[in-house]
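Participant: got a predicted structure here, sequence first:
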Amino acid sequence: MKVDLFDFYLPEELIAQTPLEKRDASRLMVLNKETGDIKHETFHDIISYLQEGDCLVLNNTRVMPARLFGTKEDTGANIEVLLLKQTEGDTWETLVKPAKRVKEGTVLTFGDGRLKATCVGTGEQGGRVLQFEYEGIFYEVLDQLGEMPLPPYIKEQLDDRERYQTVFARERGSAAAPTAGLHFTEELLEEIKQKGVHIAFITLHVGLGTFRPVSVDNLEEHDMHAEFYQIGEGTAALLNEVREQGGRIISVGTTTTRTLETIASEHDGKFVASSGWTNIFIFPGYEFRGIDGMITNFHLPKSTLIMLVSALAGREHVLHAYNTAVEQKYRFFSFGDAMLII
């Protein structure tokens, strides 16, 4: 299947640069995955599409202030570092700009020396393995020195870093937010519970591979990035119970979808408590085992995310919905509007 099949025209002015003042005031497009019918709502109206006995599954990962600005200790040259994954102890896989200035043995310093890092390994596309040194607790130092790693298509500064966190963010470890969850408020979640809809949480730490473009012509040749996930015993038991009683499982975001599909596909449609790394790549032709519907934002043309959405609702339905969203001037990407596929 060709990547170009998932292209569409997106005017740059529709890329949302800042979040709305009220999280659940964003627009909501409701897409019927069987018929392709579309309805236009506001996000708070989502409660009317959820039924008693359904289960809404959310990703409770928390974004780290993973972008660091520092200098080379020997020359004073400016260096930008993006933390990707902690491998062991104080060693991290990172992306460095400009990477050509950072070779093995290079020492970087941040915040007047409160945090230092030595390059102990190199990789492709700016990848560097850094060993950090500091006094105190690493994450406290990072909270003081780091900045939120906003996606490259967002040019505006974020005044309140909590607006790039969901209200239910708990488990620190992501380099990007699970943005479909940004629309929920604590009040809306409580209203949903009062309706008899179950709320469950999984964890998937979002990596920057989320923003990596597909660089091959054929989807079958694309290697998906791996991300760490975790699902607890309580969540697994609840999801199995919902299934047995005929309720729907509605995932919030592509990250939640990939986690649930990874587990269900490995356990014959059942959910089990587990953790590990997933590189599942979902595109049309995939048979869903874990979810019945999903909430998601509007994604980049030719991205793995629009391919996943197309696998659930059909490529023609999705592209028609996206073209409608452009005509109706929906806001796209991380701080943009939402789509419910049921």
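Facilitator: Arrived safely.
Participant: quick check, L28 in a strand?
Facilitator: Yes. The assignment for L28 (DSSP: H, G, I helix; E, B strand; the rest coil) places it in a strand.
Participant: my read: it touches D45, true?
Facilitator: Yes. Using Cβ atoms under 8 Å, L28 is in contact with D45, at 6.2 Å. For glycine as for every other residue, the C-beta is placed from the backbone atoms N, C-alpha and C.
Participant: and the two? Which one has more around it.
Facilitator: Counted by other Cβ atoms under 10 Å, L28 and D45 do not tie: L28 has more neighbours, with 21 against 15.
Participant: ok, now how distant is the more buried one from A180?
Facilitator: 11 Å (Cβ to Cβ, to the nearest Å).
Participant: hey, what's in contact with both of those two?
Facilitator: Contact criterion Cβ atoms under 8 Å, 6 or more residues apart in numbering; residues shared by L28 and A180: A338.
Participant: make sure W277 is indeed in a helix.
Facilitator: No. Read with three-state DSSP, W277 is strand and lies in no helix.
Participant: so where's the chain uncertain?
Facilitator: 208-213 (pLDDT under 70).
Participant: domains of this structure?
Facilitator: Split into domains by automatic domain parsing, the chain comes to 3-63+160-341, 67-145.
Participant: how about these, which one is nearest P152?
Facilitator: Taking Cβ to Cβ, domain 3-63+160-341 is the member of the domains of the chain nearest to P152, at 6.5 Å.
Participant: the nearest residue in space to T91 that is not next to it in sequence: which element?
Facilitator: Once flanking residues are discounted, T91 sits nearest to Q131: 5.2 Å by Cβ to Cβ, 6 or more residues apart in numbering. Element membership for Q131, per DSSP states H and E: strand 127-134.
Participant: which helices and strands sit right next to the next helix or strand after that strand?
Facilitator: Going down the chain from strand 127-134, the next helix or strand is helix 138-145, by DSSP H and E. With contacts defined as 3 or more Cβ pairs under 8 Å, 6 or more residues apart in numbering; DSSP states H and E, the packing partners of helix 138-145 are strand 115-122.
Participant: adjacent strands (with direction) for the strand it packs on?
Facilitator: strand 107-110 (antiparallel), strand 127-134 (antiparallel) (DSSP bridges).
Participant: what number of residues lie near R170?
Facilitator: 11.
Participant: identify the residues contacting the nearest residue to I154 once chain neighbours are set aside.
Facilitator: Spatial nearest neighbour of I154, excluding adjacent residues (Cβ to Cβ, 6+ apart): Q17 at 5.8 Å. Going by Cβ under 8 Å, 6+ apart, Q17 touches I154, K155, E156, F335.
Participant: dump those residues into JSON lines; add secondary structure as well.
Facilitator: As requested, the contacts of Q17 are exported to JSON lines (three-state DSSP):
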{"residue": "I154", "secondary structure": "coil"}
{"residue": "K155", "secondary structure": "coil"}
{"residue": "E156", "secondary structure": "coil"}
{"residue": "F335", "secondary structure": "coil"}
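Participant: just among the residues you listed, which is most surrounded?
Facilitator: That'd be F335 among the contacts of Q17, by other Cβ under 10 Å, with 24 neighbours.
Participant: distance of it relative to S174?
Facilitator: 16 Å.
Participant: which stretches in this protein count as helices?
Facilitator: 138-145, 186-194, 233-244, 254-266, 304-313, 315-327 (DSSP state H).
Participant: residues contacting the fifth one, please?
Facilitator: What that stands for is helix 304-313. Counting by Cβ under 8 Å, 6+ apart, 6, 31, 33, 36, 210, 214, 219, 222, 224, 254, 257-258, 281-286, 288, 291, 293-294, 296, 299-300, 318-319, 321-322, 339, 341 sit against helix 304-313.
Participant: so which bits of it are buried?
Facilitator: T304, L305, I306, M307, L308, V309, S310, A311, L312, A313 (16 or more other Cβ atoms under 10 Å).
Participant: cool, and the third one?
Facilitator: Buried residues in helix 233-244, counting neighbours by 16+ other Cβ under 10 Å, are found at T235, A236, L238, L239, V242, R243.
Participant: ok, the first one next?
Facilitator: Of all the residues in helix 138-145, those buried under the rule 16+ other Cβ under 10 Å are V141, L142, L145.
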